[in-house]
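>>> structural data only, the sequence is not supplied:
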């Protein structure tokens, strides 16, 4: 999975690594280790994809909110005329 490239890499892939502790479900961890030789790289790729998706969702929600505000503004202005 780490070899997959995202359409828009939103982080510095060459930034230094920082060791951290995670608590993971043991069954999930065992299954993941069966399918990936590099768990850290896989998690890093998945986290990058998640962040990109979350940012896109936030932008989409903001655009939708802005559209609603624009529609209410137009409606209010038209009612006042």
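The structure has been received and is ready for your questions. This one's a predicted model, so the numbers in the text were calculated from it and none came from an experiment.

>>> next up, the contacts around the residue nearest the centre of the chain.
Geometric centre of the chain, nearest residue: residue 51, 2.2 Å, by CA atoms, centre = their mean. Contact analysis of residue 51 by CB atoms under 8 Å, 6 or more residues apart in numbering lists 10-11. Every C-beta, even on glycine, is put in place using the N, C-alpha and C of the backbone.

>>> can you tell me how far it is from residue 22?
16 Å (CB to CB, to the nearest Å).

>>> so where's the chain uncertain?
Within the chain, the stretches falling below the threshold (pLDDT under 70) are 1-9.

>>> mind checking the longest helix of it?
helix 39-80 (DSSP state H).

>>> and residue 13, what is it in contact with?
By CB under 8 Å, 6+ apart, residue 13 has no neighbours at all.

>>> please report phi then psi for it.
According to degrees, to the nearest 10, the main-chain angles of residue 13 amount to phi -70, psi -20.

>>> count the residues that sit near residue 29.
If you count neighbours by other CB atoms under 10 Å, residue 29 ends up with 13.

>>> which SSE is it in?
helix 26-35 (DSSP states H and E).
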